[in-house]
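Asks: Build me a model from this:
(2 chains)
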There are 2 protein chains.
Amino acid sequence: MGFSEDAAIAAIREELGAAGCLRIDLGIGDDAALWQPSRSDRGAVSTDAFVDGVHFRRSTTALDRIGMRAMNASLSDLAAMGARPRLATVAIGVPAEFTLDDIRLLYRGIAKVATALQFAVAGGDCTASPVLSLAVTVLGEVRPSHAKCRSGARIGDTIAVTGALGASAAGLRALGDPQLLEGPLRCSALDAYELARARIPEGRWLARSAHVRAMMDCSDGLGRDCARMAQRSGLGILLEQIPVAPEMAALARATGENAEELALAAGEDYELIVAIATPAFAHLQRRFHKRFGGTLVAVGHCDAQAGVRWRRSGATIPVDRCGWDHFEVGEMR
Amino acid sequence: MGFSEDAAIAAIREELGAAGCLRIDLGIGDDAALWQPSRSDRGAVSTDAFVDGVHFRRSTTALDRIGMRAMNASLSDLAAMGARPRLATVAIGVPAEFTLDDIRLLYRGIAKVATALQFAVAGGDCTASPVLSLAVTVLGEVRPSHAKCRSGARIGDTIAVTGALGASAAGLRALGDPQLLEGPLRCSALDAYELARARIPEGRWLARSAHVRAMMDCSDGLGRDCARMAQRSGLGILLEQIPVAPEMAALARATGENAEELALAAGEDYELIVAIATPAFAHLQRRFHKRFGGTLVAVGHCDAQAGVRWRRSGATIPVDRCGWDHFEVGEMR
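Replies: Predicted coordinates for the structure are as follows:
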């Protein structure tokens, strides 16, 4: 690397532009960033790390899209709490062959997401590393009465998702196999993987309803994430319907796999998983459709049995070990 | 790695114990952590990344000390603003051979620092990575009137540091060469490197004084960091005295190098660099000594010339390119 840390920081500040100081008192360039917290809200914070070869592949995804993807994946945790983003910090580890232009392109994607949602990228770090890695911390704010945890679901609640599942996972598979999907479906699958959008407006809207009792984002697959909600809420979840994205349905047709099974295990769409008081579901669903155009899809119910089960062609089978685990796989899949 | 992400998170929660939930509403295990910000304070946030082979060497430093070091290095940025830590998040990337016990040991060090300063480790991420890496985000709070930036120094101000420099750098050199230092000085040098403490109480105390006009931490060497303060404050700094830690003095005697030159370039002691209104310096120095035992050492003055210069045996020489730059060196030195 033929550049200094100070040169990297100067390039980053330039690339961030207004996104470097949106709604904060002091941004990049001092020891810490300063902002004035909202007086009536709770602070919400989440950190996610992204490593080349584990969470993305630099060889197949452009750097600006890698930046956008890392931001959206991190913001998805705020969406799941019903919080609005206030600022983010980004630590990047860059390999030896990285240039200042590469850093600029990466931050162009990061700045795009921050500008769209009107929050600041207020700080970070830039260091040498054997592989490209990003650690993103997002800081948000949410009214105490609106904040939704994973632990609030009750027996009888309807479990719903904010949209069909599997488009992002289909995109990831398609990236690795140029023959797998064709035409517009291939494009939309790749976009779903690279540009998957954190459901910030949807999360804030849902969080305002007292009928929404628990919320989390679907980042590791519906099966796995429902198991986490069930465990934290001390109940079980019976899945009755898996909404499959058209991209994943087309992929399953092409490979002869089961589309619902793939969608159940598919991560990183960033749809929200929501536990809703069943009597209020239909009304909330109508209002959601009116507000966002998309559909809140009921996928199952909370019950008193253990774990997550899937009712499928008459039989009920336990759902375990679906979805992603970067540890066990050891590499991206 | 024979363990899942959920197993890693469970081990981390157990190791953190009380440090996982100190003074916050919701900690590790949900999508985001929640806390109630102080109503009268500004929030302060800083992120630092640490990579094996760049910022530390796993082969020579125990994992709990790596955890402590990463926390203190990150907290040092809050100390420099005069902020008190409120919570931290830690993203770790762990190599294939890492065990759950390794994760526990790393977090034992992290928890020790958090417990001592009474703040929560409220979240994070744990992912596979080719090398051990940590990204630490610290979140603090500081009264708006107390927050100190790098940009507040004025011409005529005294530049002081909170202690002698170079012990940590001497420890790093000694780690790489078992012959370099002996006996108690070797031990104290290694401890200075591995256990260098963020000056949180000192920073908060100094920040309360209106005579303290600018503050930053000495993480990349006095020469380099003074250049940053000078640049941000739009003035120059003349260094007149470099306080050398006994460990660095002994090392210089052993190698025949110049102790002051080494101390000027030595990073990661986490002493604070402070610009103080000169008429108030002597009084502040006495009060500092009474409060902390240590000495606030005057190292120079702000003036109207360009850059940082060092007056040394009668001659005045420009100080540039001293200290660390992980980019240009490409590996730890």
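
Asks: So, low pLDDT: which residues of chain A?
Replies: A:1, A:321-333 (pLDDT under 70).

Asks: SS state for the one residue in it that gets nearest to chain B?
Replies: As assessed by CB to the nearest CB, chain B sits closest to residue A:135 within chain A, at 3.1 Å. For the C-beta atoms, the positions are set from N, CA and C on the backbone; glycine is no exception. Residue A:135 falls in the strand class when you classify it by DSSP: H, G, I helix; E, B strand; the rest coil.

Asks: residue contacts, it?
Replies: A:47-50, A:90-92, B:47, B:49, B:91, B:125, B:135, B:137 (CB atoms under 8 Å, 6 or more residues apart in numbering or on different chains).

Asks: Specify the beta-bridge partners of the closest residue to it other than its chain neighbours.
Replies: Among residues not flanking residue A:135 along the chain, residue B:135 sits closest, at 3.1 Å (CB to CB, 6 or more residues apart in numbering or on different chains). Going by DSSP bridges, residue B:135 is paired in beta bridges with residue B:49, residue B:91.

Asks: sorry, back to before: export the contacts of residue A:135 as a markdown table, with columns for distance to residue B:182.
Replies: Below are these laid out as a markdown table (distance: CB to CB, whole Å):
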| residue | distance to residue B:182 |
| --- | --- |
| A:47 | 42 |
| A:48 | 46 |
| A:49 | 41 |
| A:50 | 45 |
| A:90 | 44 |
| A:91 | 38 |
| A:92 | 40 |
| B:47 | 38 |
| B:49 | 34 |
| B:91 | 39 |
| B:125 | 42 |
| B:135 | 36 |
| B:137 | 39 |
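
Asks: Show me chain A divided up by domain.
Replies: Chain A breaks down by automatic domain parsing into domains covering A:5-142, A:150-329.

Asks: Which of those sits closest to residue B:245?
Replies: domain A:5-142 (22.2 Å; CB to CB).

Asks: Off-centre distance for the closest one?
Replies: 15 Å (CA atoms, centre = their mean, to the nearest Å).

Asks: same check, this time on stretch A:210-229
Replies: Distance of stretch A:210-229 from the chain centroid (CA atoms, centre = their mean) equals 12 Å.

Asks: Quick one: closest of the domains of chain A to residue B:80.
Replies: domain A:5-142 (3.9 Å).

Asks: Do me a favour and get the end-to-end distance for the closest one?
Replies: The stretch domain A:5-142 measures 35 Å between its terminal residues, going by CA to CA, to the nearest Å.

Asks: circling back: tell me the one among the contacts of residue A:135 nearest to residue B:114.
Replies: Using CB to CB, the contacts of residue A:135 come closest to residue B:114 at residue B:137, 12.9 Å.

Asks: Chain neighbours aside, what residue packs nearest to that closest one?
Replies: Once flanking residues are discounted, residue B:137 sits nearest to residue A:137: 4.1 Å by CB to CB, 6+ apart.

Asks: Who are the contact partners of that neighbour?
Replies: Counting by CB under 8 Å, 6+ apart, residue A:137 has contacts A:45, A:46, A:47, A:74, A:88, A:89, A:90, B:45, B:47, B:89, B:135, B:137.

Asks: what packs against the host helix or strand of residue A:282?
Replies: Using DSSP states H and E, residue A:282 falls within helix A:278-292. When contacts are defined as 3 or more CB pairs under 8 Å, 6 or more residues apart in numbering or on different chains; DSSP states H and E, helix A:278-292 packs onto strand A:158-161, helix A:200-207, strand A:297-303.

Asks: got the angle between the second one and helix A:278-292?
Replies: Helix A:200-207 and helix A:278-292 are oriented at 150 degrees to each other (axes from the mean of the first three to the mean of the last three CA atoms, to 10 degrees).

Asks: And helix A:200-207, what's buried?
Replies: A:200, A:202, A:203, A:204, A:205, A:206, A:207 (16 or more other CB atoms under 10 Å in any protein chain shown).

Asks: quick one: the helices in the stretch 101-250 of chain A?
Replies: A:167-176, A:183-194, A:200-207, A:222-233, A:246-255 (DSSP state H, counting those that start in this stretch).

Asks: that older thread, measure the residue nearest to residue B:137 to residue A:272 for me?
Replies: Distance from residue A:137 to residue A:272, counting by CB to CB, to the nearest Å: 21 Å.

Asks: what's the answer for residue A:15, then?
Replies: 31 Å.

Asks: Looking at those two, which one has more neighbours?
Replies: residue A:272 (27 against 21; other CB atoms under 10 Å in any protein chain shown).

Asks: which residues does residue A:190 contact?
Replies: Contacts of residue A:190 (CB under 8 Å, 6+ apart): A:171, A:174, A:175.

Asks: What subset of those residues is buried?
Replies: Using 16+ other CB under 10 Å, the buried ones in these are A:171, A:174, A:175.

Asks: Spatially nearest residue to the first one, not counting backbone neighbours?
Replies: The shortest distance from residue A:171 to any residue other than its chain neighbours is 2.9 Å, reached at residue A:193 (CB to CB, 6+ apart).

Asks: Contacts only, for that neighbour.
Replies: A:69, A:167, A:168, A:169, A:170, A:171, A:172, A:174, A:175, A:268.

Asks: what's the most buried one of the domains of chain A?
Replies: Among the domains of chain A, domain A:5-142 has the highest mean neighbour count (mean count of other CB atoms under 10 Å in any protein chain shown), at a mean of 22.

Asks: Just to check, residue A:15 is in contact with residue A:107?
Replies: Yes - with contacts counted by CB atoms under 8 Å, residue A:15 reaches residue A:107, the gap being 4.1 Å.

Asks: Strands of chain A, start to end?
Replies: With DSSP state E as the criterion, chain A has strands at A:33-35, A:42-51, A:84-94, A:120-128, A:133-142, A:158-161, A:212-217, A:236-239, A:272-276, A:297-303, A:308-312, A:315-318.
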